[in-house]
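Q: Structural data only, the sequence is not supplied:
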């Protein structure tokens, strides 16, 4: 039954994604194999289909990575994907990252659907919604924390006295992180403004 549930789940994913034929063909072959009692073959076909769906997810997130602004250079985009947990509780995750450089300034951008990262940062974002907690965080002269909200995203911006500046923003299924080691808050706002927050949030359903 678990294998059949996975088959049905993949079929629903295909319908939502508007599959171009490759994934759908693999799932149909898996259904035929399953109905013929070839469960091992069905599982292998489903794994191939899941890999293709993950690859599409990587490409989808990568399309929201901004091009390098004038005067900046961007590294190649690094993408990873995998499965978190197992069985009916399993969750496909995707993570992409890159860096931008201009002189001594380096900006790191990471977008992830990893449940571990989302859970860890959501706890911090939730606590920072409390004004008293923010005051406590900002009582440390080596750190400044401000709330961030845009187009369905919520998070915070953190500036460290040693020069690090970062922004963490979350939706229900995505986390976006921008980090700058030079303490350049203007660069942080520049790159944050280049991100299509609304489109990115809607891309992961």
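A: Alright, I've got the coordinates. What you are looking at is a predicted structure, and each value in this text was computed from that prediction instead of being measured.
Q: what's the following helix or strand after the longest strand that the chain contains?
A: As assigned by DSSP state E, the longest strand anywhere in the chain is strand 91-102. Toward the C-terminus, strand 91-102 is succeeded by strand 105-112 as the next helix or strand (DSSP states H and E).
Q: Who are the packing partners of that next one?
A: strand 91-102, strand 175-180, helix 185-194 (3 or more Cβ pairs under 8 Å, 6 or more residues apart in numbering; DSSP states H and E). Any C-beta I mention is one placed from the backbone N, CA and C, and that applies to glycine too.
Q: list the buried ones in the helix or strand that that strand is followed by?
A: The helix or strand immediately downstream of strand 105-112 is helix 115-128, counting by DSSP H and E. Within helix 115-128, the residues that count as buried by 16 or more other Cβ atoms under 10 Å are 117-118, 121-122, 124-125, 128.
Q: Residues in contact with stretch 152-164: which ones?
A: Stretch 152-164 has contacts (Cβ atoms under 8 Å, 6 or more residues apart in numbering) with 121, 124-125, 128, 141-149, 165-171, 176, 179-183, 185, 188, 197-198, 201.
Q: Determine how far it lies from the middle of the whole chain.
A: Using Cα atoms, centre = their mean, to the nearest Å, the mean C-alpha position of stretch 152-164 is found 18 Å from that of the whole chain.
Q: How about residue 177, nearest residue that isn't a chain neighbour?
A: residue 110 (4.7 Å; Cβ to Cβ, 6 or more residues apart in numbering).
Q: meant to ask about residue 178
A: residue 167 (4.6 Å).
Q: Tell me which strands the helix or strand hosting that neighbour pairs with, and in which orientation.
A: Following DSSP H and E, one finds residue 167 within strand 165-170. With DSSP bridges as the test, strand 165-170 is paired with strand 153-160 (antiparallel), strand 175-180 (antiparallel).
Q: which element follows the least confident helix or strand in the chain by mean pLDDT toward the C-terminus?
A: The least trusted helix or strand in the chain, going by mean pLDDT, DSSP states H and E, turns out to be helix 2-17, with a mean of 42. Moving toward the C-terminus from helix 2-17, the next helix or strand (DSSP H and E) is helix 22-35.
Q: helices or strands up against that next one?
A: If contacts are counted by 3+ Cβ pairs under 8 Å, 6+ apart, helix 22-35 sits against helix 2-17, helix 39-62.
Q: quick one: low-confidence ranges for this structure?
A: Per-residue confidence for the chain (pLDDT under 70) gives these ranges: 1-21, 23, 26, 44-59, 82-91, 183, 205.
Q: partners of the residue most central in space within it in the sheet?
A: By Cα atoms, centre = their mean, the chain has its centre lying nearest to residue 112, at 2.1 Å. Listed beta-bridge partners, residue 112: residue 95, residue 175 (assigned using DSSP bridges).
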